[in-house]
Every structure is written in structure tokens, then in C-alpha cells.
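# give the three-dimensional model of this entry:
(one chain, ligands or ions: 1)
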Amino acid sequence: MVRQECTVENGHCVTGNGDCMTGNGKCAMINSDGLALVSPIDVSDMPSEAVGIDGVWYDVTQFKKIHPGGPIIDQYIGKDASTVFRAFNHDPAFLKRVKQVGRYKMAQHACDADFEKLRQYFTERGFFETDYVWYVMKAFVAMSWFIAGVTAVLAFDNFYIHMLGAVLIAFFFQQSGFIMHDCMHKTMTRQRIKDQFIGTFFGTVGFGMSSHWWHDEHIIHHIVTNAIDVTTKFVDPQMWELSWAQNEKLFPLFSGIFQYLCIKIQHITFVPFVVAIGRYEILTDSYRVERRWYEWIAIVLHWTWMIALLSQLPSWRERAIFYVILACVEGLFHFQLILSHYCKAFITMDEFHQVSWNAFQVLSNMNLHTYKFMDWYYGGLNFHIEHHLYPKMARKHLRTAGPYVKAVCEKHGIDYEMLSFVDALKKTLSHMKRVGAAYKYQSG
Ligand code: HEM
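Okay, the predicted model is just below:
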């Protein structure tokens with residue numbers, strides 16, 4: 001950690017920890033990624049398990065057990081959660097459910113006020129509202145891929161058309177995945193139960209993975225993106241795999257000769273692994289953990305239609321090839337999420353609570369540069385920085401939000417990165433190679 005020159009306005013440090021009382025411009029601490037750090041809050045007199053919002057401690061000892069956002073709230077006990085509370089569009093009225101148990105001195109990052117102003121501007125422009133006509137079209141597109149895929153299997157007696165059917169079904173999976181993503185962020189009807197139901201229809205019955213399992217992991221991924229606590233082995237669950245380490249900070253989680261060999265050749269295995277086993281991995285991961293009966297009904301429904309479709313193919317060989325093609329094409333779609341994060345900043349949980357949450361969302365994300373007409377293919381999530389900063393924003397508005405977010409980043413010197421898919425892949429592969437080379441063997 002080093003000290004950086006900081007900007008002083010009206011006697012206050014506007015770059016870093018807000019303690020620049022001397023005005024000598026040398027007081028803000030920055031970490032190795034160049035992020036300004038604020039001093040940790042003094043919690044010595046915090047009376048109970050409390051979360052800080054806008055300078056007030058709220059006792060969550062009981063509430064955390066029923067918090068709809070899940071146990072991730074634990075990570076904010078004794079911490080200031082004002083930014084993340086707003087990022088998930090919590091209604092301030094929710095706070096009436098919890099008791100105030102004290103006050104604390106907030107330390108603010110200069111950029112946060114601008115990101116918040118942007119939120120208000122986007123709210124006024126209706127970016128957090130649902131366009132139902134747009135969603136009807138999205139559902140129509142997804143179902144069209146499905147009908148085309150099924151028709152290719154049922155109406156033709158030709159091997160190659162059957163395999164084309166596998167590709168079409170993979171596109172149905174992709175579009176269903178995006179709709180499930182919206183629903184699990186509650187950005188469709190914006191009503192919890194309805195969105196979860198629609199999300200389960202597209203994500204579990206359609207795509208085949210447990211949508212609620214995915215939601216539970218995804219919420220954590222959004223809040224502690226690219227973060228790790230080595231002591232407790234707590235890590236962004238969507239950003240770590242057993243077979244590669246995309247950042248040096250993940251090294252303590254790996255050991256043994258098998259993982260050593262995997263990491264050493266990770267830049268070679270990365271693409272084939274994602275394509276060939278990505279789908280099987282995500283499905284089996286979700287089945288291993290899932291215990292909710294309604295999810296299991298949806299999983300059975302998925303396999304019912306899938307087996308019924310496969311049974312229409314003339315031989316076991318053709319069925320096997322069909323599913324492998326379908327899984328590989330769907331595996332290709334996984335790159336989008338991976339490329340948006342893998343070569344970006346990683347952070348320890350200690351530092352995580354000292355940096356600006358907004359600034360770190362920008363630094364731990366990358367946008368994919370593409371033409372507007374291709375947004376359907378990326379589900380609009382090619383504007384991943386905007387999605388992470390404003391997870392409740394309707395995805396049809398992410399592209400429009402882009403230039404505004406970029407302007408705030410430029411104002412505050414935060415590196416806003418946007419690369420083409422090919423450049424992002426090249427950068428990720430050379431990053432994986434460099435990280436793999438740095439890994440030293442650790443016995444298990
Ligand atoms: C005392 C403070 C808090 C209260 C009273 C509270 C309350 C709530 C409520 C009522 C919801 C449901 C909103 C809805 O369905 O529209 C919710 C959702 C959520 N909360 Fe909190 N929350 C608090 C703090 C936090 C903190 C500190 C975090 C981050 C670590 C967080 C993360 C979330 C997330 C991610 C969701 C959305 C879950 C989803 O979309 O399924 N909350 N919270």
C-alpha cells in the first residue's frame with residue numbers, strides 16, 4: 001500500500017479517505033491496482049451484529065436469517081453497506097424493519113457521488129422499468145429457436161439437418177439463459193415470485209440448470225466480484241474453478257500435483273475445457289447442491305422434453321453426437337461471462353471494504369465491443385460494467401447507459417475497458433499464461 005497525491009477541495013480530501021485535514025495532498029492510500037482506500041471503520045463500540053447504511057448502524061442479528069438477498073449480508077457486518085444497498089435498489093423503507101443501534105462516521109469515495117447521481121438520472125429516464133412488449137419479443141425469439149430446433153429433428157430425415165437442430169437448440173438455451181438472468185435479478189415483472197417462476201421456466205425447464213442455485217451464486221458474484229478472503233476460503237463463487245487459477249490471489253486455494261499441472265497448461269486447456277465441458281459442469285454443479293423441490297420438478301421437466309427429443313433421432317450414435325454438438329455450442333456462450341472478468345482486477349476482502357465498490361465494479365469488469373445489432377447475441381451483457389454497477393437496470397438500456405458511465409470513469413481516472421471479443425480472448429489467454437507461469441507447486 002502506498003500514499004498517493006490527493007485532491008483537496010475546500011479543505012477536504014476528495015480522492016481518498018476523507019481525512020486530509022492538513023491539506024498537504026499526500027494523505028490518500030492506494031492499493032496495488034491504484035484504487036484509493038478509506039480507513040476501516042472503528043467498530044469497537046458497535047453494540048451488536050450491525051450493518052452500516054448512511055452513517056447509521058442497523059441491527060441485523062435476526063433479520064439476516066430471513067434477508068431475501070441471502071447470507072451475503074454477513075460480509076457487511078461492521079462495514080459500511082451504503083453503496084451496495086443502493087446498487088440493488090433497496091427501498092429505504094426496508095430499513096424500518098430493522099432496529100437502529102448507533103451511528104458511525106462514513107468515509108466516502110469521490111466517485112460514488114457521481115455514480116449515484118447517474119443512478120438518479122437513469123431512474124428518471126425509466127431505465128429501471130420493464131418494457132413488456134420487448135420481453136414478449138424476447139420470449140418469442142427464444143421459443144422460435146426452440147421450435148426451429150425441434151422441427152429440424154422431427155420433420156427431416158437427414159443427419160446434417162438434425163445436427164443443425166442441435167445448434168438451434170443451443171441458441172434456445174442461450175436466449176433462455178438471458179431471460180432467466182433478468183428474472184433472477186427481478187428485472188422483468190420486478191415482483192419476486194412472478195420473476196422467479198418465469199426464470200425457473202426458462203432457466204431450469206428450458207436451459208436445464210437449477211435457476212435458484214445459479215441465482216444464489218450470482219448474487220454473491222455481483223456483490224463481491226473478483227474478491228477473495230484466503231483465511232476463510234471465501235471467494236466469488238462464479239470466479240473460481242478447480243482446473244485453473246486466473247489470478248495470483250487465488251493460488252492459496254490450489255494444491256497437489258494435479259492442480260499444479262492443470263494451472264501450468266491452463267492457457268492451452270482453457271478454450272477446449274470451456275467449450276467441451278462447460279455445459280456439463282454447470283448442470284452437475286447445480287444438481288449436486290440443489291435441494292428445493294420445485295427446482296427438481298423443473299429439472300425433471302427439462303430432461304423429459306430433452307429425452308423425448310433425443311428419442312426421435314434414429315440411433316444412439318446420432319443422439320450422442322447431437323448432444324455433444326448442442327453442449328459445445330452452448331459452451332461457446334460461456335466465454336462471454338469469463339472474458340468479462342478473468343483478466344481484470346482481483347481483490348482481498350480486507351481491501352474490498354476499503355475501496356469504492358463502484359470503482360471496483362468497473363475495474364473487475366470488461367465490456368465487449370460489438371455492433372448494436374449484435375446485442376441480442378450477448379444479451380446486452382456485453383455492457384457488463386454497466387450491468388454490474390446497476391444490476392437492476394433493464395438490459396435493453398445498458399448500451400445507452402454506457403457513455404455516461406464512461407464519462408464518470410474518465411472524470412475519476414478509473415480504467416473503463418472495452419475490447420472486441422477476439423481481443424478480449426487474446427488478452428485473457430496471455431493473462432492465463434502469465435499467471436500459470438507464476439504458480440509454484442504447493443503440496444496438498
Ligand atoms: C439492514 C439492511 C438491509 C435490509 C433491510 C435489506 C432488505 C432487503 C429486502 C427486503 C430485499 C428484497 C427486495 C425485493 O424483493 O424487492 C433485499 C434484497 C436484496 N438484498 Fe438486502 N437488505 C439489507 C442489506 C443488504 C446488504 C448489506 C446487502 C449486500 C451485501 C444486500 C443485498 C441484497 C440483494 C443482493 C438483494 C436482492 C436479492 C435478489 O434479487 O434475489 N442487502 N434486501
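
# how about the residue of the chain found nearest the ligand: what's its closest non-neighbour residue?
Closest residue of the chain to the ligand, C-beta to the nearest ligand atom: residue 69 (2.3 Å). Where C-beta positions appear, they are placed from N, C-alpha and C, glycine not excepted. Leaving aside its sequence neighbours, residue 69 sits nearest to residue 219 (C-beta to C-beta, 6 or more residues apart in numbering; 6.2 Å).

# can you name the farthest residue from the center of this protein?
residue 157 (41.8 Å; C-alpha atoms, centre = their mean).

# my guess is that residue is in a helix, correct?
No. Counting by DSSP: H, G, I helix; E, B strand; the rest coil, residue 157 falls outside a helix, being coil.

# can you give me the strands for this structure?
2-4, 8-9, 12-13, 28-30, 36-37, 50-53, 56-59, 99-103, 227-229, 234-235, 347-348, 367-369, 418-420 (DSSP state E).

# can you point out the buried residues in stretch 63-71?
By neighbour count on 16 or more other C-beta atoms under 10 Å, the buried set for stretch 63-71 is 63, 64, 67.

# next, format those residues as CSV and append distance to the ligand.
Converted to CSV, the buried residues of stretch 63-71 look like this (distance: C-beta to the nearest ligand atom, whole Å):
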residue, distance to the ligand
63, 6
64, 8
67, 6
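
# contacting residues for residue 77?
Neighbour list for residue 77: 49, 50, 51, 60, 64 [criterion: C-beta atoms under 8 Å, 6 or more residues apart in numbering].

# same check, this time on residue 152
By C-beta under 8 Å, 6+ apart, the contact list for residue 152 reads 161, 162, 164, 165, 168.

# if any of the residues you listed are buried, put those into a ChimeraX selection.
In ChimeraX, this line selects whichever of the contacts of residue 152 come out buried by 16+ other C-beta under 10 Å:
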select :162,164,165,168
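
# okay, the contacts of residue 152 in JSON lines with pLDDT next?
Below are the contacts of residue 152 laid out as JSON lines (pLDDT from 0 to 100):
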{"residue": "161", "pLDDT": "98"}
{"residue": "162", "pLDDT": "98"}
{"residue": "164", "pLDDT": "98"}
{"residue": "165", "pLDDT": "98"}
{"residue": "168", "pLDDT": "98"}
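
# just the ones in helices from the contacts of residue 152, please.
The helices, defined by DSSP state H, take in 161, 162, 164, 165, 168 from those.

# so how far is residue 376 from residue 205?
According to C-beta to C-beta, to the nearest Å, residue 205 stands 22 Å off from residue 376.

# tell me which of those two has more neighbours.
Shown here are residue 205 and residue 376; by other C-beta atoms under 10 Å, residue 205 has more neighbours (19 against 14).

# and the pLDDT at that one?
For residue 205, the pLDDT comes out at 98.

# which residues does it contact?
By C-beta under 8 Å, 6+ apart, the contact set of residue 205 is 298, 301, 302, 305.

# ok, these vs residue 144, which is closest?
For the contacts of residue 205, the minimum distance to residue 144 (C-beta to C-beta) is 16.3 Å, reached by residue 305.

# skip the chain neighbours and tell me the closest residue to the closest one.
The shortest distance from residue 305 to any non-neighbouring residue, by C-beta to C-beta, 6+ apart, is to residue 205 (7.7 Å).

# residue 223 against residue 84, yeah?
Yes. Counting by C-beta atoms under 8 Å, residue 84 is a contact partner of residue 223 at 5.8 Å.

# run through who's touching stretch 91-101.
By C-beta under 8 Å, 6+ apart, stretch 91-101 touches 46, 47, 48, 50, 53, 56, 57, 58, 59, 60, 63.

# can you tell me which of these are buried?
Using 16+ other C-beta under 10 Å, the buried members of the contacts of stretch 91-101 are 46, 50, 53, 56, 57, 58, 59, 60, 63.

# beta partners for the closest residue to the second one other than its chain neighbours?
What it means is residue 50. Residue nearest to residue 50 in three dimensions, not counting chain neighbours: residue 57, with 3.8 Å by C-beta to C-beta, 6+ apart. The bridge-partner assignment for residue 57, based on DSSP bridges, gives residue 52, residue 102.

# thought residue 57 was touching residue 104?
Yes. Between residue 57 and residue 104 there is a contact under C-beta under 8 Å: 6.2 Å.

# what parts of this structure come near the ligand?
With the criterion set to C-beta under 6 Å from any ligand atom, the chain comes near the ligand through 51, 58, 60, 67-69, 72-73, 75-76, 81, 84-85, 88, 90, 94-95, 97-98, 185-186, 192, 219, 223.

# turn the contacts of residue 77 into CSV, including pLDDT.
Listed next are the contacts of residue 77 as CSV, based on pLDDT from 0 to 100:
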residue, pLDDT
49, 91
50, 95
51, 96
60, 95
64, 95
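
# mind telling me the two of the residues you listed farthest from one another?
Going by C-beta to C-beta, the pair spanning the contacts of residue 77 furthest: 50 and 64, at 10.3 Å.

# walk me through the domains of the chain.
Using automatic domain parsing, the domain parsing of the chain gives 1-30, 40-108, 109-444.

# out of those, deepest packed?
domain 109-444 (a mean of 18; mean count of other C-beta atoms under 10 Å).

# between the two ends of that one, how far is it?
Using C-alpha to C-alpha, to the nearest Å, one end of domain 109-444 lies 41 Å from the other.

# the stretch 151-300 of the chain: helices as residue ranges?
With DSSP state H, counting those that start in this stretch as the criterion, the stretch 151-300 of the chain has helices at 159-184, 192-200, 211-223, 256-264, 266-289, 293-310.
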